[in-house]
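# Coordinates for the following, if possible.
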Amino acid sequence: MPSPSQITKALKKLLDNFDIDKRIEFGNNETTTRNSLIHPFLEDLLGYDAIDGDFTHEYDADYGDKGTLKVDTAMMIGQKEPNIIIEAKKANLKLSDTHFRQLNEYYHYTKSAKIGILTNGVIWKFYIGENRSLIPTPFFTFDITDYDNSDVEMLAKFDKRVIKFDPIIEEAEEIHFLDKFDDALFKSLAQPSDAFIKDVYSHMGGKVLVKKTKEKIKELINSVSVKAAYDQLLYHESKSNKSGVYTTDDEQKAFNVVHTILSLSREVRRHIDRITYKDTPTKFHILIDNNTRQKVCSFELKETKSILLIDEKKYELEEVSVPEITKYKKEIIDSALKYLKE
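Model prediction:
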């Protein structure tokens, strides 16, 4: 049995050679999309075999009072009843809430199903259920035209040789749970509980919290104080970094712009997970594989001026912004390709 890393590596190689543009061109309706994209995705990439009964298209499902309805694709992995159902649309059709509701209805009536997938052959949205209804937010989305290494690692868990539903569903539930963190933190700050206020008060050195003080602290928990705390947290994190270097908002913005430029390049896109950055006291470097000898570009960002460096050439920027940096789009892409082709 190959290891997860071996399966991921092999899957990435298959994806890189999948000839997606030609397959999308053929997918001008649901049937051709199934033949050129969906069937090969399941069989050629993930190792399932329709002849062996791993999956079937146009599956007749018993929907009780609604009679027999056809599920676009049903997967029977290790059992006779479907444990994955797939609602398929034609390539390049934007997947919508209406399509999700169709999938959800099929899932509701297919009692054996554990996972639902909505796809147009290019975008694959994976859902789990709760009380026989699918959670509307996918726990995993795979775009066959735009993926990174972590996406391939997740998709590899659906390989026929290693798929195990319990760990996948457990991970999906954790993803959904952690997705609630930001909203939960906002609610804790917008409507602080007595316990939250008491904890803040204790960090202030307080002993006995009276009602008047509690109300004053509650008023102080607002956007101004949260921003001040955010700045302190950034500084604390930078001091915790062994290098002692503080990555500024402008440096992070510069990385995001360059990363976007590279991700939009068809030649670079498949390597986008190899793009990293390294912050130093004097320069901010964008690298391939975190290797300082494979420097895509560097930034010198100072209060008086900002400079972009590519292959020892200096380009002065009026500001750190999308329009300014994208002036040098070709130079940035060419610099990255120089190392990616070695």
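
# what's the spacing between the closest residue to G47 other than its chain neighbours and L287?
Excluding the flanking residues, the one nearest G47 by CB to CB, 6 or more residues apart in numbering is K160, at 4.0 Å. Using the backbone N, CA and C atoms, a C-beta is placed for each residue, glycine as well. For K160, the distance to L287 equals 37 Å [CB to CB, to the nearest Å].

# Residues in a beta bridge with L69, which ones?
A61 (DSSP bridges).

# and what of I307?
Bridge pairing for I307 - DSSP bridges - gives E300, E316.

# so it touches F299, yeah?
Yes - using CB atoms under 8 Å, I307 is in contact with F299, at 7.0 Å.

# Quick check on the two: which one has the bigger neighbour count.
A direct count of neighbours by other CB atoms under 10 Å for I307 and F299 places F299 higher, at 24 against 14.

# The more buried one and L264, how far apart?
According to CB to CB, F299 and L264 sit 20 Å apart.

# Distance from the chain centre to the worst-scoring helix or strand of the chain on mean pLDDT, please.
Lowest mean confidence among the helices and strands of the chain (mean pLDDT, DSSP states H and E): helix 223-240, at a mean of 76. The chain centroid and the centroid of helix 223-240 are separated by 26 Å under CA atoms, centre = their mean, to the nearest Å.

# Over to stretch 153-163?
17 Å.

# Would you mark the buried spots in that stretch?
Residues of stretch 153-163 classed as buried: M154, L155, A156, K157, F158, D159, K160, I163 (neighbour count, 16 or more other CB atoms under 10 Å).

# how many neighbours does E300 have?
Around E300 there are 15 residues (other CB under 10 Å).

# Please tell me how far it sits from V152.
According to CB to CB, E300 stands 35 Å off from V152.

# Ok, T110 next?
Counting by CB to CB - T110 and V152 are separated by 28 Å.

# go on, V122?
Using CB to CB, one obtains 16 Å as the distance from V122 to V152.

# Outline the domain layout of this structure.
The chain resolves into domains spanning 4-178, 249-340 when parsed by automatic domain parsing.

# so what's H99 up against?
By CB atoms under 8 Å, 6 or more residues apart in numbering, the contact set of H99 is E87, K89, L118.

# Among those, which are located in strands?
Under the assignment DSSP state E, the contacts of H99 contribute E87, L118 to strands.

# can you list the contacts of H99 in CSV and add pLDDT?
Shown next, in CSV, are these (pLDDT from 0 to 100):
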residue, pLDDT
E87, 96
K89, 95
L118, 97
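
# which of the contacts of H99 has the most neighbours?
Neighbour tally across the contacts of H99 (other CB under 10 Å): the maximum, 25 neighbours, falls on L118.

# Just list the residues touching the nearest residue to it once chain neighbours are set aside, thanks.
Nearest non-adjacent residue to L118, counting by CB to CB, 6+ apart: K125, 4.5 Å away. Residues near K125 by CB under 8 Å, 6+ apart: L95, I117, L118, T119, P138, F140, T141.

# T137 too?
Y127, H176, D179 are the contacts of T137 under CB under 8 Å, 6+ apart.

# Now do the same contact list for the residue lying closest to P40 once chain neighbours are set aside.
Spatial nearest neighbour of P40, chain neighbours left out: R23 (7.3 Å); criterion: CB to CB, 6+ apart. Residues near R23 by CB under 8 Å, 6+ apart: S36, L37, P40, A91, G121.
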